[in-house]
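Colleague: following is a predicted model, sequence given first.
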Amino acid sequence: MDDGVKDALRRRALGFETDEVVEEYAFQEGEAVLLKRKVTKKTVPPDVAAAKLLSDEEKPLSALSPEQLKAEKIRLLGLLRGEEEK
């Protein structure tokens, strides 16, 4: 799976906030002129289906070496603490 797709799935699985922008235009003398602009914060809740897709892509833990298991443990603990992946 492409890294961009994984990042999008991860964002969707964890939930996120975004700005929703609604703009209203009118035409004056043949040109569009912005009349109103409304920006609303929108919270997208976590998506279980996205989390399942991500988990299906992961290697089974039994296939990981002890070093890989330790690295995965550290990564997961960081996620639980709210740290961003780098």
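Modeller: Now that the structure is in, tell me what you want to look at. Please read all numbers here as calculations on a predicted model, not as lab measurements.

Colleague: tell me the residue furthest from the middle of the chain?
Modeller: residue 29 (42.1 Å; C-alpha atoms, centre = their mean).

Colleague: so what does that one have for phi and psi?
Modeller: Residue 29 adopts backbone torsions of phi 50, psi 40, taken as degrees, to the nearest 10.

Colleague: can you check what pLDDT the model gives it?
Modeller: On pLDDT, residue 29 comes in at 92.

Colleague: buried ones in stretch 54-69?
Modeller: residue 54 (16 or more other C-beta atoms under 10 Å). For glycine as for every other residue, the C-beta is placed from the backbone atoms N, C-alpha and C.

Colleague: starting at the chain centroid, how far to that stretch?
Modeller: 22 Å (C-alpha atoms, centre = their mean, to the nearest Å).

Colleague: got the CA positions of that stretch in PDB?
Modeller: Extracted as PDB, the C-alpha positions of stretch 54-69 are listed here (Å, rounded to 0.1, in the frame of the first residue of the first chain):
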ATOM      1  CA  LEU A  54      -4.700  -0.500   8.500                       C
ATOM      2  CA  SER A  55      -4.500  -3.500  10.900                       C
ATOM      3  CA  ASP A  56      -5.000  -5.900   8.000                       C
ATOM      4  CA  GLU A  57      -2.000  -4.400   6.200                       C
ATOM      5  CA  GLU A  58       0.300  -4.800   9.300                       C
ATOM      6  CA  LYS A  59       2.600  -7.800   9.600                       C
ATOM      7  CA  PRO A  60       1.400 -10.400  12.200                       C
ATOM      8  CA  LEU A  61       3.400  -9.900  15.400                       C
ATOM      9  CA  SER A  62       4.600 -13.500  15.300                       C
ATOM     10  CA  ALA A  63       6.600 -12.600  12.100                       C
ATOM     11  CA  LEU A  64       8.500  -9.800  13.800                       C
ATOM     12  CA  SER A  65      12.000 -10.100  15.300                       C
ATOM     13  CA  PRO A  66      12.500  -9.200  19.000                       C
ATOM     14  CA  GLU A  67      14.100  -5.800  17.900                       C
ATOM     15  CA  GLN A  68      11.100  -5.100  15.600                       C
ATOM     16  CA  LEU A  69       8.700  -6.000  18.500                       C
END
